[in-house]
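Chemist: Sequence plus the predicted model coming up.
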Amino acid sequence: MLAVVAGGYLAAAALSTPAGPPLSVGGIATVQPLSGWRFVQRVEEAGVPGVVITRGVGSFELLAAPTDQSPAELARSYATEVLEAQASQLQVSDSLDAVTLDSGAAVRFYYIGVFDQSGVPLEGEVTVAVSSAGNGVIFDAWAPEGQLQYVLGDVETMVDAAEIS
Amino acid sequence: MAAAPVKRRSPLHHTSLFQLREPAFWLYAVTLALTGLYTIGEQSLYRRISPSGWVLSWVLLLAYALPVFLIIYFLDLYEREPMSLLIGALLWGAVAATTMSGFGNSGWGEVVARVGGPEFAAKWTAALTAPFVEETLKGLGVVIIYLIAREEIDDVMDGFVYGATVGLGFAVVEDVYYFIAVFGGSPADVIKGYFIRVIASGLYSHVLYTGLVGMGIGYAVTRRGGVSSRRRGLVLAGLVSLAVFGHLLWNSPLLDFFPEYPWTGSDWLVIPLATAVKGLPLLAFAGLAVKLARGRERRWLNTALMAEAGDEGISAGELAVLESPKARRAVRAEMKARAGRGAADLLERLHREQVNLAMIRSRVAASDDPALIEQRAYCKALRDALQAIPGVASAEAVPPA
């Protein structure tokens, strides 16, 4: 009974092995990709540097820069200045969930929207943290609608373990 | 007029769910208590999300579950299972199996996503997790019921009854989840979900899968005497595999003829056909298996009582009636019309005790075993009391040819 109920989590954890070199953004945040994820490119969103990795239809972006905003303010800024600016349609979750990462407290919200001419709706999960040193970090994971849940296990493992200075 | 013998507990089937000395009972109770807290929390959440949708879900599902429960209960021709054990099986399916399956499916779903990637996982997770996780946890309920009350599962049909009951409990609670969390939860969404999951698919779901698993368990635990352990293992594995395969096919993208969402007009007619393509073959197999199991019960009854026929416990005519549920109903109805309800009830008791006579006969080695002698005498006393009722003795308790 225990094997059936808990075995999947243990097996999934055993399969979630780090792969490839850690990716650092601006000397502020470092994320360790898990096996199956590959580097795509370095990016800049609204002047903030970042890095994108992908696994199949799932993508994961890490942005990091110094900030004087709180996690909640930074999350709202990201939703309006980045997501809303890029989307032709967008719905963002009403409230921010408080989450605890290995590096400290953070907030999380969810969105669904259309971001390109294909018209395929994407759903995403955004986690925002601000370190005591005043560095803001945004983790944005997205996938086509209905498929995000299948990358969130990996994403949340990487987010939890990310190092933020 | 001879007084009817005092009602007594059957020497054979008195096992209730509450076997405090059986470790299996405590495993059952602790698991049910822990998962019960979670289930209450879940249901409370659904009620907060949509109070009217939640109430409507339960009303509609009880209207479906009650007749199905009675059909399962009455499928067992000769020896109905103790109600406390059936309720126990129902609760295991509704509370323990659903809760544990939720966690199990989620964990193994992460494994599928890790191994296959998100596109593959989106199509195949439901097929590659739920059939294995859910059939194991529901089947475990039948095993635990067996370990609590070993003597109550004495044939393949009993296994089907307990398995189907576990499956029914599971289906009801899972449907509430779907109606609220997947279909949307408003009364209109609930009715839409009811059409899809109960009217169009209700015949093919958990009742069927776990019924087959239960049959396998019933075969494995009741054929120890005459069938090799290898054969029993093969039959068990075959029936469990069939249930898992049926469930896997149901959850998979294969043979998926569902119309594209949103459904309009004739789509609603296509949906039952789409579900029938996946579900009907397994339903036909299960129907055949149940028919064979019932036939076997009949043959068992005949074999067990043939040597007794003509003795004081049962006459040849009574045996002919006892073998056919239809004939039994007919003679009871005739008895009620001729000699009143009391006589019909007494005749029903006689039939029940004659089935018990068959069970004792098949379990004891000698024809002069004290238990057998006592049961014959009890049947005779019931018959004497019956025949002493005015209006009874004028006709044989045998249906017209």
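Modeler: Noted; the coordinates are in hand.
Chemist: The residue of the stretch 201-350 of chain B found nearest chain A: what secondary structure?
Modeler: When distances are taken as CB to the nearest CB, the stretch 201-350 of chain B reaches nearest to chain A at residue B:261, 11.6 Å away. From N, CA and C alone the C-beta is placed, and that goes for glycine too. When classified by DSSP: H, G, I helix; E, B strand; the rest coil, residue B:261 comes out as coil.
Chemist: in chain A, what residue is nearest chain B?
Modeler: Here the residue of chain A nearest chain B is residue A:8; by CB to the nearest CB that distance is 2.6 Å.
Chemist: Can you tell me the element that residue falls in?
Modeler: Assigned by DSSP states H and E, residue A:8 belongs to helix A:2-15.
Chemist: Tell me which residues touch the nearest residue to residue B:50 once chain neighbours are set aside, please.
Modeler: Spatial nearest neighbour of residue B:50, excluding adjacent residues (CB to CB, 6 or more residues apart in numbering or on different chains): residue B:185 at 3.5 Å. By CB atoms under 8 Å, 6 or more residues apart in numbering or on different chains, the residues touching residue B:185 are B:46, B:49, B:50, B:53, B:54, B:179.
Chemist: Using PyMOL, make a named selection holding only the buried ones among these.
Modeler: Selecting only the buried entries of the contacts of residue B:185 in PyMOL, with 16 or more other CB atoms under 10 Å in any protein chain shown as the criterion:
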select buried, chain B and resi 46+50+53+54+179
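Chemist: quick one: buried residues of the helix holding residue A:8?
Modeler: Buried residues in helix A:2-15, defined by neighbour count with 16+ other CB under 10 Å: A:4, A:5, A:8, A:9, A:11, A:12, A:15.
Chemist: The fourth one touches residue B:114, doesn't it?
Modeler: This means residue A:9. No - in this structure, residue A:9 is not within contact of residue B:114 by CB atoms under 8 Å, at 11.3 Å.
Chemist: Can you name the residue of chain B nearest to chain A?
Modeler: Chain A sits closest to residue B:107 of chain B, with a gap of 2.6 Å, by CB to the nearest CB.
Chemist: okay, now residue 17: neighbour count?
Modeler: Answering for chain A, as no chain was given. Residue neighbour count, defined by other CB atoms under 10 Å in any protein chain shown, stands at 11 for residue A:17.
Chemist: was after chain B, sorry
Modeler: Neighbours around residue B:17, by other CB under 10 Å: 21.
Chemist: Three-state assignment for it, please.
Modeler: Classified using three-state DSSP, residue B:17 is coil.
Chemist: which ones are touching it?
Modeler: Residue B:17 touches B:25, B:28, B:82, B:84, B:85, B:87, B:88, B:145, B:148, B:149, counting by CB under 8 Å, 6+ apart.
Chemist: Including distance to residue B:189, secondary structure and pLDDT, could the contacts of residue B:185 go into JSON lines?
Modeler: Below are the contacts of residue B:185 laid out as JSON lines (distance: CB to CB, whole Å; DSSP: H, G, I helix; E, B strand; the rest coil; pLDDT from 0 to 100):
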{"residue": "B:46", "distance to residue B:189": "12", "secondary structure": "helix", "pLDDT": "94"}
{"residue": "B:49", "distance to residue B:189": "11", "secondary structure": "helix", "pLDDT": "92"}
{"residue": "B:50", "distance to residue B:189": "8", "secondary structure": "coil", "pLDDT": "94"}
{"residue": "B:53", "distance to residue B:189": "7", "secondary structure": "helix", "pLDDT": "96"}
{"residue": "B:54", "distance to residue B:189": "11", "secondary structure": "helix", "pLDDT": "97"}
{"residue": "B:179", "distance to residue B:189": "7", "secondary structure": "helix", "pLDDT": "95"}
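Chemist: got the residues of the stretch 51-200 of chain B near chain A?
Modeler: The stretch 51-200 of chain B has residues B:100, B:103-115, B:117-122, B:125, B:129, B:132-133, B:136-137, B:140 near chain A, with proximity defined as CB under 8 Å from any CB of the partner chain.
Chemist: hmm, back to that, send the alpha carbons of the helix holding residue A:8 over as CSV?
Modeler: Only the C-alpha atoms of helix A:2-15 are listed here, as CSV (Å, rounded to 0.1, in the frame of the first residue of the first chain):
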residue,chain,number,x,y,z
LEU,A,2,2.8,2.4,0.9
ALA,A,3,4.7,1.5,-2.2
VAL,A,4,1.7,2.4,-4.4
VAL,A,5,0.9,5.6,-2.6
ALA,A,6,4.4,7.0,-1.9
GLY,A,7,6.6,5.1,-4.4
GLY,A,8,5.9,7.5,-7.2
TYR,A,9,7.3,10.4,-5.3
LEU,A,10,10.4,8.5,-4.3
ALA,A,11,10.9,7.3,-7.9
ALA,A,12,10.3,10.8,-9.3
ALA,A,13,12.8,12.3,-6.8
ALA,A,14,15.3,9.7,-7.8
LEU,A,15,14.8,10.6,-11.5
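Chemist: What are the contacting residues of it?
Modeler: A:35, A:153, B:100, B:103-111, B:113-115, B:129, B:132-133, B:136-137.
Chemist: Any of those residues buried? List them.
Modeler: A:153, B:100, B:103-111, B:113-114, B:129, B:132-133, B:136-137.
Chemist: now, which of those residues lie within helices?
Modeler: Judged by DSSP state H, the subset of the buried ones among the contacts of helix A:2-15 located in helices is A:153, B:100, B:103-111, B:113-114, B:129, B:132-133, B:136-137.
Chemist: what about the helices in the chain?
Modeler: I'll assume chain A. Under DSSP H, chain A gives helices at A:2-15, A:71-77, A:85-86, A:149-161.
Chemist: Chain B is the one I meant
Modeler: Here chain B has its helices, by DSSP H, at B:23-49, B:51-75, B:83-91, B:98-148, B:156-177, B:187-194, B:206-222, B:229-251, B:267-306, B:316-323, B:325-339, B:341-363, B:370-387.
Chemist: Make JSON lines from the ones you listed and add distance to residue A:146 to it.
Modeler: Shown next, in JSON lines, are the helices of chain B (distance: least, CB to CB, whole Å):
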{"stretch": "helix B:23-49", "distance to residue A:146": "20"}
{"stretch": "helix B:51-75", "distance to residue A:146": "23"}
{"stretch": "helix B:83-91", "distance to residue A:146": "33"}
{"stretch": "helix B:98-148", "distance to residue A:146": "6"}
{"stretch": "helix B:156-177", "distance to residue A:146": "18"}
{"stretch": "helix B:187-194", "distance to residue A:146": "18"}
{"stretch": "helix B:206-222", "distance to residue A:146": "24"}
{"stretch": "helix B:229-251", "distance to residue A:146": "15"}
{"stretch": "helix B:267-306", "distance to residue A:146": "20"}
{"stretch": "helix B:316-323", "distance to residue A:146": "55"}
{"stretch": "helix B:325-339", "distance to residue A:146": "49"}
{"stretch": "helix B:341-363", "distance to residue A:146": "54"}
{"stretch": "helix B:370-387", "distance to residue A:146": "62"}
